[in-house]
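**Q** Sequence below, structure please.
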Amino acid sequence: MGHAVSVLATSNMKPVSIKPSLRKQQRIDTLLNIKVTDRRGKVFLCEAVNVSRAGMMISCDPALAKQLLPDVRSPAPGQSVEALVEFTLPVVASQTVRITAACQIVHLRRISRTEFHIGIRFDSFEDNGYDYLEQYISRCFAERATG
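**A** Just a heads-up that it's a prediction; the model follows:
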């Protein structure tokens, strides 16, 4: 990891115990505000369009895609780009929790002239971040089943 991310990512980070394929994970369509910190420590704001237990897909404009992936190409296998993401999730209607996760940028797809989707794989979570993410996803699936 680069200096900025490694300093942020070393305290209280817990690795994801299972490394499932992002494509095999059930995804929750969502609109979450995301803060992405790149290897240089530069912070970018964007929006997640879906989230799973293994990662998330963020939406960004071409300028941000170029900042995160200078070649504006999907990383080759084994050449993912390290980053740190921070976002909040509602654990109950009146309470949110902040989640911080070290991650890898593993995919880039152009959606239109003004929008790219960037695939992120979670590597480790700070404190109870994974547990909160698991609760959120489980609750969303339960609500879908009853609603």
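**Q** how far away is the spatially most central residue of the chain from residue 145?
**A** Computing the C-alpha centroid of the chain and ranking residues by Cα atoms, centre = their mean puts residue 56 first, at 4.3 Å. In this view, residue 56 and residue 145 are 22 Å apart by Cβ to Cβ, to the nearest Å. Every C-beta, even on glycine, is put in place using the N, C-alpha and C of the backbone.
**Q** try residue 58
**A** From residue 58 to residue 145 the distance is 27 Å (Cβ to Cβ).
**Q** is the nearest residue to residue 62 once chain neighbours are set aside in a bridge, and if so with what?
**A** Excluding its sequence neighbours, the residue lying closest to residue 62 (Cβ to Cβ, 6 or more residues apart in numbering) is residue 116, at 6.4 Å. Taking DSSP bridges as the rule, residue 116 bridges to residue 60, residue 110.
**Q** Surely residue 116 and residue 60 touch.
**A** Yes. Counting by Cβ atoms under 8 Å, residue 116 touches residue 60, with 5.5 Å between them.
**Q** What's the end-to-end length of stretch 74-89?
**A** Chord length of stretch 74-89, first to last residue, is 28 Å (Cα to Cα, to the nearest Å).
**Q** outside of that stretch, which residues touch it?
**A** Defining contact as Cβ atoms under 8 Å, 6 or more residues apart in numbering, one finds that stretch 74-89 is touched by 1-2, 5, 8-9, 32-39, 48, 56, 68-69, 96-109, 120-121, 132-133, 136.
**Q** Quick check on those: which are buried?
**A** Buried members of the contacts of stretch 74-89, scored by 16 or more other Cβ atoms under 10 Å, are 5, 8-9, 32, 34, 36-39, 48, 56, 68-69, 97, 99-108, 120-121, 132-133, 136.
**Q** and residue 88, bridged to which residues?
**A** residue 98.
**Q** repeat for the one 4 residues further on
**A** Assessed by DSSP bridges, residue 92 has beta-bridge partners residue 95.
**Q** roughly how far apart are it and residue 59?
**A** 27 Å.
**Q** Neighbour count: those two, which is higher?
**A** Using other Cβ atoms under 10 Å as the criterion, residue 92 and residue 59 rank with residue 59 on top: 18 against 9.
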